[in-house]
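Undergrad: Got a sequence here, can you model it:
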Amino acid sequence: MFKFLRDKLKDAVNLFKESAEEPEEVAEATNPPAKSFQKFKKEESKKTFIQIVKEKVATRKIDEEKFSELFWDIELALLENNVAVEVIEKIKADLKETIVDKPIQKTEYSGVVTSALKTSIKKLLSTESFDLIKKIAEHDKPYVIIFVGVNGVGKTTTIAKVANYLQKNNLKIILAAGDTWRAGSVEQLDEWAKKLKLPIVKGQYGADPASIAYDAISVAKSKKYDVVMIDTAGRQHKNINLMREMSKIIKVSKPNLKILVSESIVGNDAVEQATSFDMAIDIDGSILTKADVDERGGAILSIAYVTKKPILFLGTGQEIDNLEKFDPEKVIERLGL
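TA: I've put the predicted structure just below:
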């Protein structure tokens, strides 16, 4: 996980150091961005991201113009790893503040740049989070959670994983099969309900999902369940009508928590999804699936920064226990920082 981004980060650091250690007259003759891009593409398979940055670290002060030129390689590495433009600009600003016109000893440059990158990325990931179990315990019952997202991201399986996690913390769960659009969706959630021995409220395909959500909440109140977990139909974030339907479900169910489920491997599209869903229903957090096969890591950095909402869990496989609580320190460690 994150191996690709970690390698590119090392490559960028090394290129930064290499350029900065050139004599002044050579450094000033650095290739323009087009040639720099060719150089980057040629070297990218040989070096890691940290190596690139280390090679670009100088033994003297770097002015603003020189920094912009040297950061080009880092920017390309981040773009290749599906990091959003807003995030790249934030990292650039952080590095600029640390490096530009600052007297740094030759032996300290690698550590200074790596430390600056680590601090910057930690800030990107440090959105205010919360403990889900504690949040549920502090709230009146039932606590209603609704799951949203586009088609095919593993939303139904993620619901089962979270239900399993809550069950292990002694909470009584009831499921609502609100995805009445996709063929097989109700049966899929029903199978998970049987495996986990959970009650489920479901209806016919084409039924009003808001009504199913309402019925599940009514049952939860009468039978004193702790948590209602509502599945919804996958919808493209650009489909206005489906987004409006989702708003109706939200209005009827009045959820305590709105979770976006997205794939970590879709890159910048995940950022667009998160932004659109957040604008439509004001999501409270996200869960990123397929983190076990994510070699780039850009979506994780980007979603946390762009939405300013916490990432609650990472899906790390297809098994019911393949759910990992999100930990910024682990992400930074996996990036090699």
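
Undergrad: May I see the buried residues of whatever helix or strand I230 lives in?
TA: Under the criterion DSSP states H and E, the helix or strand holding I230 is strand 227-232. The neighbour-count check on strand 227-232 (16 or more other Cβ atoms under 10 Å) flags V227, V228, M229, I230, D231, T232 as buried. Yep, even glycine has a C-beta here, placed from its N, CA and C like the rest.

Undergrad: Mean confidence (pLDDT) on the helix or strand harbouring L78, please.
TA: With elements delineated by DSSP H and E, L78 resides in helix 64-80, which encompasses its position. Per-region confidence: helix 64-80 scores 80 on mean pLDDT.

Undergrad: Restricting to C-alpha, output it in CSV.
TA: Listed next in CSV are the C-alpha coordinates belonging to helix 64-80 (Å, rounded to 0.1, in the frame of the first residue of the first chain):
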residue,chain,number,x,y,z
GLU,A,64,11.7,31.7,-4.8
GLU,A,65,12.4,31.4,-8.5
LYS,A,66,14.8,28.5,-8.1
PHE,A,67,12.4,26.8,-5.7
SER,A,68,9.5,26.9,-8.2
GLU,A,69,11.8,25.4,-10.8
LEU,A,70,13.0,22.6,-8.5
PHE,A,71,9.5,21.9,-7.2
TRP,A,72,8.4,21.0,-10.7
ASP,A,73,9.7,17.4,-10.3
ILE,A,74,7.9,17.0,-7.0
GLU,A,75,4.7,18.4,-8.5
LEU,A,76,4.9,15.9,-11.4
ALA,A,77,5.4,13.0,-8.9
LEU,A,78,2.3,14.1,-6.9
LEU,A,79,0.2,14.5,-10.1
GLU,A,80,1.2,11.0,-11.2
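
Undergrad: what's downstream of that helix, the next helix or strand?
TA: Once the chain leaves helix 64-80, the following helix or strand, as judged by DSSP H and E, is helix 85-99.

Undergrad: and that following helix, how far from the chain's centre?
TA: Averaging C-alpha coordinates over helix 85-99 and over its chain gives two centres that are 19 Å apart (Cα atoms, centre = their mean, to the nearest Å).

Undergrad: Report all helices and strands that that helix contacts.
TA: For helix 85-99, the helices and strands in contact under the criterion 3 or more Cβ pairs under 8 Å, 6 or more residues apart in numbering; DSSP states H and E are helix 64-80, helix 109-125, helix 298-307.

Undergrad: Would you mind getting the angle between it and helix 109-125?
TA: For helix 85-99 against helix 109-125, the angle by axes from the mean of the first three to the mean of the last three Cα atoms, to 10 degrees is 140 degrees.

Undergrad: re earlier: helices and strands around the strand holding I230, which ones?
TA: Checking 3+ Cβ pairs under 8 Å, 6+ apart, strand 227-232 ends up next to strand 143-148, helix 155-167, strand 173-178, helix 209-223, helix 240-253.

Undergrad: S126: neighbouring residues, count only.
TA: The local packing of S126 (other Cβ atoms under 10 Å) involves 12 other residues.

Undergrad: actually Q188, not the one I wrote
TA: 17.

Undergrad: Now it. Nearest residue, chain neighbours left out?
TA: Using Cβ to Cβ, 6 or more residues apart in numbering and skipping residues adjacent in sequence, the residue nearest Q188 is T156, 5.1 Å away.

Undergrad: Spatially central residue for this structure, please.
TA: Within the chain, one residue has its C-alpha closest to the average C-alpha position: by Cα atoms, centre = their mean, that is I300, at 2.8 Å.

Undergrad: What residues does the residue nearest to that one when sequence neighbours are not counted make contact with?
TA: Nearest non-adjacent residue to I300, counting by Cβ to Cβ, 6+ apart: S264, 5.7 Å away. Counting by Cβ atoms under 8 Å, 6 or more residues apart in numbering, S264 touches A270, L288, T289, K290, A291, D294, G297, A299, I300, L314.
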